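J.: have a look; sequence and predicted model below, questions after that.
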Amino acid sequence: MTAMPLLKSGCCWRVGSGDDIRIRKDKWIPNYPSNMALHPVAEEVEECMVSDLIDSDLHCWRRDFIMETFQLNDANAIFKIPLSRGRAMDSAVWLQTKNGVYSVRSGYHKARKVMINESWVESSSSVEGHQIWKVLWGLKIPSKLKVFGWRACHEILPTKVNLAKHKILEDVMCHCYKRFTETILHAVWDYGAAQDLNKRAKEFLDKYRKAQVVLTPSNGISGSCVWHAPPAEEFKLNFDVAVFSDQHNSGFGAIIRNSLGEVMAYMLVKGPHMNSSEEADVLACRRAVEFSREVGFSRLIIEGDCLNVMRALSVSIENSSLLGHIYEEIKFNLRGMHVLSINWVKRGGNMVTHTLAKHVRNLIDDLYWIEDTPPPMEDALYYDSLHINE
């Protein structure tokens, strides 16, 4: 029982139905500081459950109600939590491992962090500095940099001064400049190495922002991996996703082709903003499988270019990660279909759907077509046709 506080500090609820999760008292917002809403809510909402924030008929967040109830940063973090289309159960996930399952090693590392950080953290919900946090959480930078900035502003980084306060170290002097104490201000800003690091960080952020810009598809497609047609009487479903950070959304592309490489059906669909590339691909996969069922294709070979997603779908063991309920939903849908195989392919074998997904950026409405060739991917389709008989 003495380990229970540690386990609770390292866990987060994975939202299913939301019936068992308390809005204010439980940790249920992943990829967010403290995994809880940072700002206070109205008294009448204090005792509500997360299920009160979900439209049980449409299986989506009640956006208007959430915008009225929560501060903008908290609301946007909630909207990024993917929901199951079915009646999934709420489940506790261990955040310190990718698969969501506790291990002794991850527990040890979590215990060390708790020992260092315990009692250092204060809330960002105070009125003072509210505008600072609003700007910080709204920055288009990696989440870990936002968290670092938040920790630095609250003076909870493990500098020598802070470690000395908790009897972990005795020496508080900077190991580079012995005449200065190692405070957060000194470590982050003062000495030359920190200034050089700040310069490199700026260069990194510039590269990161440029990488988020979706480029025009290249005419040259790598020949190291190409699309292969399915056997006669069978069909192949390919899917991909493109993330548009500047638009705060994404694009799902999927196509179904026969053994001659002919297009049987395809879709271009706008998706939500994502927390990770794996989340983007698994949500694209879910929509692609739903699309294939809707248009009546059930004998399929399924291909995607995200190794983690295709591997997770290929095993029968239950997925306990933060995205586990989405994986299990896809597997449930696949049980009603005749799926020959689930394969991972390199980008060269998935260029048609990659081009489709990027084209969603320019769309206003979702597009679904049967037995037609969409103009945006004519070149990629032609390239694939050259390798049908290989």
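T.: It's in.
J.: and Phe239, that one's in a strand?
T.: Yes: judged by DSSP: H, G, I helix; E, B strand; the rest coil, Phe239 forms part of a strand.
J.: how about it, what does it touch?
T.: 252-255, 284-285, 287-288, 302-304, 353 (C-beta atoms under 8 Å, 6 or more residues apart in numbering). In short, each C-beta sits where N, CA and C put it, glycine included.
J.: out of these, which comes closest to Leu7?
T.: Distance to Leu7, by C-beta to C-beta, is smallest for Cys285 among the contacts of Phe239, at 31.4 Å.
J.: hang on, that closest one packs against Asp305?
T.: No: at 10.9 Å, Cys285 and Asp305 do not qualify as touching, with contact defined as C-beta atoms under 8 Å.
J.: need the contacts of Phe239 in JSON lines with neighbour count and secondary structure, can you?
T.: Below are the contacts of Phe239 laid out as JSON lines (neighbours: other C-beta atoms under 10 Å; DSSP: H, G, I helix; E, B strand; the rest coil):
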{"residue": "Phe252", "neighbour count": "27", "secondary structure": "strand"}
{"residue": "Gly253", "neighbour count": "30", "secondary structure": "strand"}
{"residue": "Ala254", "neighbour count": "29", "secondary structure": "strand"}
{"residue": "Ile255", "neighbour count": "28", "secondary structure": "strand"}
{"residue": "Ala284", "neighbour count": "27", "secondary structure": "helix"}
{"residue": "Cys285", "neighbour count": "27", "secondary structure": "helix"}
{"residue": "Arg287", "neighbour count": "19", "secondary structure": "helix"}
{"residue": "Ala288", "neighbour count": "27", "secondary structure": "helix"}
{"residue": "Ile302", "neighbour count": "25", "secondary structure": "strand"}
{"residue": "Glu303", "neighbour count": "22", "secondary structure": "strand"}
{"residue": "Gly304", "neighbour count": "26", "secondary structure": "strand"}
{"residue": "Thr353", "neighbour count": "29", "secondary structure": "helix"}
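J.: tell me who's in contact with Arg63.
T.: Phe79.
J.: what pLDDT does the model give it?
T.: pLDDT for Arg63: 94.
J.: give me the phi and psi for it.
T.: phi -60, psi -50 (degrees, to the nearest 10).
J.: mind checking how far it is from Ile54?
T.: Remark: distance between Arg63 and Ile54 (C-beta to C-beta, to the nearest Å) = 11 Å.
J.: name the helix or strand for Glu318, please.
T.: According to DSSP states H and E, Glu318 maps onto no helix or strand at all.
J.: correct me, but it touches Gly324?
T.: Yes: if you go by C-beta under 8 Å, Glu318 and Gly324 touch, sitting 7.1 Å apart.
J.: so these two - more neighbours on which side?
T.: Legend: neighbour count by other C-beta atoms under 10 Å for Glu318 and Gly324, higher for Gly324 (21 against 10).
J.: which ones are touching that one?
T.: 14, 91, 93, 100, 318.
J.: how close does the residue lying closest to Gly138 once chain neighbours are set aside sit to Lys134?
T.: Leaving out its chain neighbours, the residue that sits closest to Gly138 by C-beta to C-beta, 6 or more residues apart in numbering is Asn73, at 7.0 Å. In this view, Asn73 and Lys134 are 6 Å apart by C-beta to C-beta.
J.: equivalent analysis for Met377, please.
T.: Distance from Met377 to Lys134, by C-beta to C-beta: 41 Å.
J.: the more surrounded of these two?
T.: Met377 (25 against 14).
J.: surely that one touches Leu356?
T.: Yes: between Met377 and Leu356 there is a contact at 5.7 Å, judged by C-beta under 8 Å.
J.: thinking again about what came up before, lowest pLDDT pick from the contacts of Phe239?
T.: Per-residue pLDDT puts Thr353 lowest of the contacts of Phe239, at 90.
J.: is the spatially closest residue to that residue that is not a sequence neighbour bridged to anything, and to what?
T.: Leaving aside its sequence neighbours, Thr353 sits nearest to Asp240 (C-beta to C-beta, 6+ apart; 3.9 Å). On the basis of DSSP bridges, Asp240 is bridged to Gly253.
J.: pLDDT wise, what is Asp240 at?
T.: Looking at Asp240, the pLDDT reads 95.
J.: of the contacts of Phe239, closest to Ser314?
T.: Ile302 (9.8 Å).
J.: state the distance from that closest one to Ala92.
T.: 30 Å.
J.: one more: Asn249?
T.: Taking C-beta to C-beta, one finds Asn249 at 30 Å from Ala92.
J.: between those two, which has more neighbouring residues?
T.: Neighbours were counted for Asn249 and for Ala92 using other C-beta under 10 Å; Ala92 has more, 19 against 16.
J.: what's the helix or strand hosting that one packed up against?
T.: Taking DSSP H and E as the definition, one finds Ala92 inside strand 91-94. Using 3 or more C-beta pairs under 8 Å, 6 or more residues apart in numbering; DSSP states H and E as the contact criterion, the elements in contact with strand 91-94 are strand 11-14, helix 324-335.
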